[in-house]
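Asks: Below is the sequence, then the predicted model.
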4 protein chains.
Amino acid sequence: MPAYTEPSLKLTAEGAKTLLAAAEARAREIGVGQNIAVVDAGGMMLAFLRMDGAKNLSILSATAKAETAASQRQPTGRIAAETEVKMALATGTRVTNLPGGLPIIIDGQLVGAVGVGSGTGAQDVDCANAGLRAIGAQTFE
Amino acid sequence: MPAYTEPSLKLTAEGAKTLLAAAEARAREIGVGQNIAVVDAGGMMLAFLRMDGAKNLSILSATAKAETAASQRQPTGRIAAETEVKMALATGTRVTNLPGGLPIIIDGQLVGAVGVGSGTGAQDVDCANAGLRAIGAQTFE
Amino acid sequence: MPAYTEPSLKLTAEGAKTLLAAAEARAREIGVGQNIAVVDAGGMMLAFLRMDGAKNLSILSATAKAETAASQRQPTGRIAAETEVKMALATGTRVTNLPGGLPIIIDGQLVGAVGVGSGTGAQDVDCANAGLRAIGAQTFE
Amino acid sequence: MPAYTEPSLKLTAEGAKTLLAAAEARAREIGVGQNIAVVDAGGMMLAFLRMDGAKNLSILSATAKAETAASQRQPTGRIAAETEVKMALATGTRVTNLPGGLPIIIDGQLVGAVGVGSGTGAQDVDCANAGLRAIGAQTFE
């Protein structure tokens, strides 16, 4: 008989803060003010920072990247071109295909996601990966 | 003289549950965790299930697929490419052209719709059709 | 075994137009410009008229009255005072306790609802009842 | 040093379905068509049923009750009267103080919540508790 509950792994506030601080340090290193959002596995906000110089509206895209990566369990930017707009619209614009969102996978389990926005796509992914590395989570190319 | 009312057919909760259970069984058979939404002819939710492993944000797209199929009385995915975004925007993103939404037509009458989301489009349609078959509703290619 | 579908009665556009015309005639008789909304059993708009002189924002309240009466299967205004605000908020303000919304019940079946707004509560109910009478639906005190 | 992750318990689709079926059985027993919503610990929908005769707009309030109980980790209806409207408004009407939402607590851990709506508050709580009992979760007076 299938069980009513199953064991799971949960990202702590400490984990979210450590990830965020490392992503921020990397952003400073490359000289880009970033918005950095860390969400739990359900896509709910855990930690957020808008660095000096970060674009205001990228608060929204960084958050959407994190929420999308948590939902899809993979980096953002991998939806086929012919589908990405349909998926965005079908979710009230909550799914984004902009690069910069990475799932937080520890011991093979999804525990959350990080979304970075304000730089180029490559810079955003770079900072997100720095965050993941700091807490021993899987990184992405 | 046209009448003020006309006889109609209504999907019961039993019909919705039976359809959902069959769609779920098919999803398990093909090894995909799906979101499955069943709505009435007006597009209002009757039954919903998020299976283990289904994408969170596909809760929204599965529901949008069901609502769209109920409104259009045909499977989702048939809007012309040059029109689909306009229709999504004109309805506040409630109309979607993602495949996976099928109308529930019994004895030639629309009684509701089912929307499935989290797999590929083909998997979503497959599970939706399994649901329709279980209650003797028309299926779709 | 419970059935998957059950027979039901549906309000036609002709029924909605006839109801609306009678409510409008009554509003003219008592000298009040009204907003009049007719919805189906699921709360979806069937017919609407803003008469000359009707308040613009009562477009919203007349519609909310109709949607509420369809959902509750009874006239609006009967929610206990200590509950009405909670119910409005818990439904994203879609449930209203303003008088002027009446369910359309024909042969004992709910087929829709009418909401009237811009006059006093008593005037609104008066016009709504005139509409109901015109199509042989149950009226309310 | 605080850890980056911590072990957690997660409600499965099987758990959500079993809870929902028991709540539905209780609703049938007391003769009330209910809307029943089961959400995960983050408030995201897992399973939903609108029984025959349930009020359409209570789809929304049942869902809000579940989301609120998951967030507050306690039954809905316990917010002080002078605060309830402020909290609803401050959360875009997502927090409700209507009774009928209960947290799902298993082995002392919050794993989700159930919200029931369409009956009286006491009936809603009764059905929600029947659901909790079926999966061995803590019940509430």
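Replies: That came through, no problem.

Asks: ok, the helix or strand residue A:21 falls within near chain D or not?
Replies: Secondary-structure element containing residue A:21, defined by DSSP states H and E: helix A:13-29. Yes - Helix A:13-29 comes into contact with chain D when judged by CB under 8 Å from any CB of the partner chain, the residues involved being A:14-15, A:18-19. In short, each C-beta sits where N, CA and C put it, glycine included.

Asks: What about the residue nearest to residue A:88 when sequence neighbours are not counted, how many residues nearby?
Replies: Taking CB to CB, 6 or more residues apart in numbering or on different chains as the measure, residue A:88 lies nearest to residue A:95, with 5.3 Å between them; neighbours along the chain are not counted. Taking other CB atoms under 10 Å in any protein chain shown as the criterion, the count of residues near residue A:95 is 26.

Asks: partners of the helix or strand encompassing residue A:6 in the sheet?
Replies: When elements are assigned from DSSP H and E, residue A:6 belongs to strand A:5-11. Within its sheet, and counting by DSSP bridges, strand A:5-11 is paired with strand D:5-11 (antiparallel).

Asks: List the contacts of the residue nearest to the spatial centre of chain A.
Replies: Of all residues in chain A, the one closest to the mean position by CA atoms, centre = their mean is residue A:114, 2.1 Å from it. Contact analysis of residue A:114 by CB atoms under 8 Å, 6 or more residues apart in numbering or on different chains lists A:19-20, A:23, A:36-39, A:66, A:69, A:101-102, A:104, A:128, A:131-132.

Asks: Which strand or helix spans it?
Replies: With the criterion set as DSSP H and E, the secondary-structure element containing residue A:114 is strand A:109-117.

Asks: now do residue A:131
Replies: helix A:121-134.

Asks: and the angle for that helix with strand A:109-117?
Replies: Between helix A:121-134 and strand A:109-117, the angle comes out at 140 degrees (axes from the mean of the first three to the mean of the last three CA atoms, to 10 degrees).

Asks: elements contacting helix A:121-134?
Replies: helix A:13-29, strand A:35-40, strand A:101-106, strand A:109-117 (3 or more CB pairs under 8 Å, 6 or more residues apart in numbering or on different chains; DSSP states H and E).

Asks: Pairing partners for the last one, with directions?
Replies: Each strand that strand A:109-117 pairs with, and the sense of that pairing, follows from DSSP bridges: strand A:35-40 (antiparallel), strand A:101-106 (antiparallel).

Asks: Of those strands, which stretch is the most buried?
Replies: With neighbours defined by mean count of other CB atoms under 10 Å in any protein chain shown, none of those is more surrounded on average than strand A:35-40, at a mean of 28.

Asks: from the middle of its chain, how far away would that strand be?
Replies: Strand A:35-40 has its average C-alpha position 6 Å from the chain's average C-alpha position, going by CA atoms, centre = their mean, to the nearest Å.

Asks: between it and helix A:13-29, how many degrees?
Replies: Using the same axes, to 10 degrees: strand A:35-40 against helix A:13-29 is 160 degrees.

Asks: Which one of the residues in chain A is closest to chain C?
Replies: In chain A, no residue comes nearer to chain C than residue A:92, which is 14.3 Å away by CB to the nearest CB.

Asks: Look at that residue and say how many residues are nearby.
Replies: Using other CB under 10 Å, residue A:92 has 14 neighbouring residues.

Asks: what about it, helix or strand, and which?
Replies: Taking DSSP H and E as the criterion, residue A:92 maps to no regular element, lying outside all helices and strands.

Asks: quick one: low-confidence ranges for chain A?
Replies: Chain A contains residues with pLDDT under 70 at A:1.

Asks: Could I get the strands paired with strand A:109-117 in JSON lines, plus columns for distance to residue B:136?
Replies: Output for the strands paired with strand A:109-117, formatted as JSON lines (distance: least, CB to CB, whole Å):
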{"stretch": "strand A:35-40", "distance to residue B:136": "42"}
{"stretch": "strand A:101-106", "distance to residue B:136": "41"}
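
Asks: Select, out of the ones you listed, the one closest to residue A:141.
Replies: strand A:101-106 (10.6 Å; CB to CB).

Asks: And the contacts of that closest one?
Replies: Applying CB under 8 Å, 6+ apart, the set of residues contacting strand A:101-106 from outside is A:9, A:11, A:19, A:38, A:64-70, A:72-77, A:110-116, A:125, A:128-129, A:132, A:135-140, D:4-5.

Asks: Contact partners for residue A:78?
Replies: A:72, A:97.

Asks: Quick one: classify it as helix, strand or coil.
Replies: Here residue A:78 is coil, with the state taken from DSSP: H, G, I helix; E, B strand; the rest coil.

Asks: now swap in residue A:97 and tell me
Replies: State at residue A:97, reduced to three classes by three-state DSSP: coil.

Asks: and it, how many neighbours does it have?
Replies: Neighbour number of residue A:97 under other CB under 10 Å is 19.

Asks: Once you drop chain neighbours, what's closest to it?
Replies: Taking CB to CB, 6+ apart, and ignoring the residues beside it in sequence, residue A:97 has residue A:84 as its nearest neighbour in space, at 3.9 Å.

Asks: before we move on, what about residue A:123?
Replies: Spatially, and ignoring its direct neighbours in sequence, residue A:123 is nearest to residue A:32 (5.3 Å; CB to CB, 6+ apart).

Asks: these two touch, right, that neighbour and residue A:119?
Replies: Yes - at 4.2 Å, residue A:32 counts as touching residue A:119 under the criterion of CB atoms under 8 Å.

Asks: Identify the bridge partners of the residue nearest to the centre of chain A.
Replies: When bridges are assigned using DSSP bridges, the partners listed for residue A:114 are residue A:38, residue A:102.

Asks: quick revisit: turn the residues of helix A:13-29 next to chain D into TSV, including distance to residue B:58.
Replies: Written out in TSV, the entries for the residues of helix A:13-29 next to chain D read as follows (distance: CB to CB, whole Å):
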residue	distance to residue B:58
A:14	31
A:15	26
A:18	30
A:19	26
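
Asks: Pick out whichever of those residues sits closest to residue D:28.
Replies: Of all the residues of helix A:13-29 next to chain D, residue D:28 sits closest to residue A:15, with 44.8 Å by CB to CB.

Asks: I'd like to know how far that closest one sits from residue A:86.
Replies: 34 Å (CB to CB, to the nearest Å).

Asks: thinking again about what came up before, do you know how far the residue nearest to the centre of chain A is from residue A:74?
Replies: Remark: distance between residue A:114 and residue A:74 (CB to CB) = 13 Å.

Asks: repeat for residue A:103
Replies: In this structure, residue A:103 and residue A:74 are 6 Å apart, going by CB to CB.

Asks: neighbour-wise, which of residue A:32 and residue A:119 wins?
Replies: Neighbour totals were compared for residue A:32 and residue A:119, and residue A:119 leads with 22 against 19 (other CB under 10 Å).

Asks: The more buried one reaches residue A:27, doesn't it?
Replies: Yes - under the criterion of CB under 8 Å, residue A:119 is in contact with residue A:27, at a separation of 7.4 Å.

Asks: overlap in contacts of these two?
Replies: Among the neighbours of residue A:119, those also in contact with residue A:27 (CB under 8 Å, 6+ apart) are A:34, A:127.

Asks: dump the residue contacts of the closest residue to residue A:91 other than its chain neighbours.
Replies: Excluding the flanking residues, the one nearest residue A:91 by CB to CB, 6+ apart is residue B:60, at 4.4 Å. When contacts are counted by CB under 8 Å, 6+ apart, residue B:60 touches A:90-92, A:94.

Asks: Filter those down to just the buried residues.
Replies: Under a neighbour-count criterion of 16 or more other CB atoms under 10 Å in any protein chain shown, the subset of the contacts of residue B:60 counted as buried comprises A:90-91, A:94.

Asks: Relative to residue C:43, which of those residues is nearest.
Replies: Distance ranking of those against residue C:43, using CB to CB, places residue A:90 first at 22.9 Å.

Asks: Report the contact partners of residue A:53.
Replies: Neighbours of residue A:53 in contact, by CB under 8 Å, 6+ apart: A:32-33, A:118.
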